[in-house]
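> Fold the stuff below for me.
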Amino acid sequence: MIELYTDGAASGNPGPGGYGVILRSGSHYKELSAGFRLTTNNRMELLAVIVGLNALKNPGQEITVFSDSKYVIDSVEKKWVFGWVKTGFKGKKNKDLWMRFLSVYKLHHVKFVWIKGHNNHPENERCDELAVAASKNKGALGIDTEFEIEKSKSA
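Alright, predicted model coming up:
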């Protein structure tokens, strides 16, 4: 069993953002994070899950994802995202990330557990720290290319 803890953050929403991930299985523990110059909280919440799942070396793993994101959890657990695929994501945001999510999600046996954010849950608090720190690391902020392209089209 692998535990995957995730969190995303954005200051300004959209604004600088980041994600934080903790992977834990037995005595194995790994933290991952990255920041972006312009993105949204929901994108970072979803990207955290994608990055965590992508970090797994072997397919077919039993994974429990712990997240405070109702956006991510409800989209999967209530099967909304599978309906969005059928409609080509018409009117939905973050298609690029949802497609990435679905390609890695199907490789594993994933269940989601919602945890209340900022409620003294140690791993969630640590993921939040990682996400916020990554979003503030001005010298190392990446470009959320798909988001910036879409944003420029709607401007």
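> If we ignore the residues flanking it in sequence, what's nearest residue 74?
residue 80 (6.8 Å; Cβ to Cβ, 6 or more residues apart in numbering). To be clear about C-beta, it is placed using only N, CA and C from the backbone, and glycine gets the same treatment.
> do the same with residue 16
residue 135 (4.8 Å).
> ok, now residue 49?
residue 6 (5.2 Å).
> separation between the residue nearest to residue 74 and residue 87?
Separation of residue 80 from residue 87 (Cβ to Cβ, to the nearest Å) stands at 11 Å.
> between these two, which one's more packed in?
Comparing residue 80 with residue 87 by other Cβ atoms under 10 Å, the one with more neighbours is residue 80, at 13 against 9.
> Can you check the pLDDT for residue 155?
Predicted confidence (pLDDT) for residue 155: 69.
> roughly how far is the helix or strand bottoming out on mean pLDDT in the chain from the heart of the chain?
The helix or strand with the lowest mean pLDDT-type score in the chain, counting by mean pLDDT, DSSP states H and E, is helix 145-154 (a mean of 89). Centroid displacement of helix 145-154 relative to its chain, using Cα atoms, centre = their mean, to the nearest Å, is 19 Å.
> what's the answer for stretch 33-41, then?
That offset, for stretch 33-41, works out to 11 Å (Cα atoms, centre = their mean).
> elements contacting the helix or strand where residue 127 lies?
Residue 127 is part of helix 122-135, with elements assigned from DSSP states H and E. Counting contacts by 3 or more Cβ pairs under 8 Å, 6 or more residues apart in numbering; DSSP states H and E, helix 122-135 is packed against strand 2-10, strand 15-25, strand 28-39, helix 41-54.
> For stretch 88-98, list every residue counted as buried.
Across stretch 88-98, burial judged by 16 or more other Cβ atoms under 10 Å covers 89, 94, 96, 97, 98.
> Thank you kindly, that will do.
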